[in-house]
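Student: Provided below are the primary sequence and the corresponding predicted coordinates.
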Amino acid sequence: MGVITDPIADMLTRIRNAMTARHDTVLVPPSRMKLEIAKILKNEGFIADFEVDKKAPHQLRLSLRYGGDGSPRKTAVITGLRRISRPGLRIYRGRTEIPRVRGGLGVAILSTSRGIMTDRDARRAGVGGEILCFIW
């Protein structure tokens, strides 16, 4: 495997691919930022759980959630993921310019001076930062 230049985009792509294939779990190489993003995804109800696999090589295991609409097909809770700020073009927004995702139905994840947080938490704290991704 080659060098990953954008690990956050790699994580989002792995989640998107696992949801499309209707897998129950997905493995991601761990980092502190990815752990913080996984915590936000769990708190917002997009994934069921996450854990750091102790076996070698270390992996971050995300347990995906699917809706129970009564149909035999699994419908994913996450309907869309989009990487916003990337290594080639960083996107920063001030506290008054933080965008709302899908009219408030989605979540923007930001990297702020107070850590990784959702758009709602950043507005409440009165801080801006780098917009990492949108999830809805």
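Tutor: Nice, thanks for sending it over.

Student: average pLDDT for stretch 21-40?
Tutor: The pLDDT scores in stretch 21-40 average 96.

Student: list the buried ones in it?
Tutor: 23, 26, 28, 30, 33, 34, 36, 37, 38, 40 (16 or more other C-beta atoms under 10 Å). C-betas here are computed from N, CA, C, even on glycine.

Student: Kindly report the same for stretch 45-59.
Tutor: For stretch 45-59, a neighbour-count test (16+ other C-beta under 10 Å) marks 46, 47, 50, 59 as buried.

Student: CSV for the residues you listed, including pLDDT, distance to residue 8 and secondary structure?
Tutor: Shown next, in CSV, are the buried residues of stretch 45-59 (pLDDT from 0 to 100; distance: C-beta to C-beta, whole Å; DSSP: H, G, I helix; E, B strand; the rest coil):
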residue, pLDDT, distance to residue 8, secondary structure
46, 95, 15, coil
47, 96, 15, strand
50, 96, 15, strand
59, 93, 16, strand
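
Student: and residue 63, what helix or strand is that in?
Tutor: For residue 63, the enclosing helix or strand under DSSP states H and E is strand 59-64.
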